[in-house]
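In: based on what follows, work out the 3D shape:
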Amino acid sequence: MIVYRIGRTKYASDLTGEGARLNGGRWNHKLTPCLYTSASRSLAVLEYTVNVNIEDIPRALSMTTLHIPEDNILKLSLTELPGDWRASPAPASTKDFGTELLKNGEYAIIQIPSAIIPDEFNYLLNPIHKAGVNFSIEDISDFIYDVRIKNR
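Out: So this is what the prediction gives:
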């Protein structure tokens, strides 16, 4: 299966989840590593857009294409998520929920609905999975962010 993520070029090849470990995210607390990926390039752009201020968008961005195994994926439905999972900013309930799943180490990949488009999916890749990481980078390409997405 192919998934995508957008990030600073200098971190495009990082599979350790260090950015999420340092900053946390909707589905993880700080100090818990995780790689946030999306099922499509366009969803990756949307997810990046809602999580960055226009002033903080670097010139050097990359789109990383990753291959992930299709086995050992925990597929979560809307009914399994905390009731406030789409709230903004991300509530503690989602951070607690995701952090527990990641630290448990049972699943290498967690398929989770997008808070932007719940019928589409993001994939949390768990770099601390107990059986080891089985993700590979297929491609890294320069990505030019079209600021019209953030205007007005």
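
In: which elements pack onto the one helix or strand residue 66 maps to?
Out: For residue 66, the host element (DSSP states H and E) is strand 61-67. In terms of contacts (3 or more Cβ pairs under 8 Å, 6 or more residues apart in numbering; DSSP states H and E), strand 61-67 is packed against strand 2-8, strand 136-143. The way it works is simple: take the backbone N, C-alpha and C, and place the C-beta from them, glycine included.

In: residue boundaries of the helices in this structure?
Out: Using DSSP state H, the helices found in the chain span residues 18-23, 41-50, 92-104.

In: CSV for those helices, including mean pLDDT and mean neighbour count?
Out: Shown next, in CSV, are the helices of the chain (pLDDT from 0 to 100; neighbours: other Cβ atoms under 10 Å):
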stretch, mean pLDDT, mean neighbour count
helix 18-23, 94, 16
helix 41-50, 96, 18
helix 92-104, 96, 18
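
In: of all those helices, which lies closest to residue 139?
Out: helix 41-50 (11.2 Å; Cβ to Cβ).

In: please name the nearest non-neighbouring residue to residue 150.
Out: Nearest non-adjacent residue to residue 150, counting by Cβ to Cβ, 6 or more residues apart in numbering: residue 54, 4.4 Å away.
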